[in-house]
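> Fold the following.
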Amino acid sequence: MSENVLKLPSQIIFDNLKELMRAKNTAHESIFKFHWKKMWPFSLIWPQVDFVRIVRLMGELRNNVASQKKLAKEAKSKAKPYEKTFLDAVPAYLDRFDISCKYLADVAQWKQNLLEKKVRHEVKMMRDVSEYNQILKNYEKAQSDLVEAGALVRAGWIEVVKGIADESESQTGKGEECQQ
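Numbering: from 1, shown residues only. The predicted structure follows:
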């Protein structure tokens, strides 16, 4: 807790964004990677993907987006000049993150429905993958939009890092001058 007192608001927001992305990326990998673990006999060793839990996690992440946007808005009033670009880019990034989480939850829900055999149109013998393909296309678009917005956040973050470095350099320089 005491280490957060020493951090700038933008540093706290950046750490929160990293945690949100880490959680989302873990869910993404659970759904789309490690297919060999889902085949017999590996499926006996590794537990199957819990799509219901992923849907719930995406809902929690989407709820966190609102609190992070509020935190970014509050931080703007206290921000130093070099933090402005970063804090201006964060709300758009969070909006894109929210959309991406929504579509990832849709993917997980579709897969859960398939497991529970809740296929649309009461067709039980045949899979209709057109709906799933559309969900994947929406998720792919949301991901590319998120990456685009992430580039702006990264550029803003670089300004913050440079500003912090310049500030600490000037303080170090003053401290050395006082000693001489």
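
> give the contact list for the nearest residue to residue 59 once chain neighbours are set aside.
Closest residue to residue 59 apart from its sequence neighbours, by Cβ to Cβ, 6 or more residues apart in numbering: residue 105 at 6.7 Å. All C-beta spots, glycine's among them, are computed from the backbone N, C-alpha and C. The neighbours of residue 105, taking Cβ atoms under 8 Å, 6 or more residues apart in numbering as the test, are 54-55, 58-59, 62.

> And residue 21, by the same measure?
residue 97.

> got it, and residue 62?
Applying Cβ under 8 Å, 6+ apart to residue 62 gives the contacts 98, 101-102, 105.

> And it, how far from residue 72?
16 Å (Cβ to Cβ, to the nearest Å).

> Pick the one among the contacts of residue 105 closest to residue 130.
Nearest to residue 130 out of the contacts of residue 105 is residue 55 (Cβ to Cβ; 21.3 Å).

> State the distance from the closest one to residue 67.
20 Å.

> So the two - more neighbours on which side?
Legend: neighbour count by other Cβ atoms under 10 Å for residue 55 and residue 67, higher for residue 55 (18 against 11).

> Can you tell me the SS state at the more buried one?
Using DSSP: H, G, I helix; E, B strand; the rest coil, the secondary structure recorded for residue 55 is helix.

> quick one: it and residue 108 touch, right?
Yes - look at residue 55 against residue 108 with Cβ atoms under 8 Å: they come within range, at 5.0 Å.

> At the geometric centre of the protein, which residue sits there?
Nearest to the geometric centre of the chain sits residue 21, at 2.9 Å (Cα atoms, centre = their mean).

> Give me the nearest residue to residue 157, chain neighbours excluded.
residue 86 (5.4 Å).

> close enough to count as contact, that neighbour and residue 159?
Yes - counting by Cβ under 8 Å, residue 86 touches residue 159, with 6.5 Å between them.
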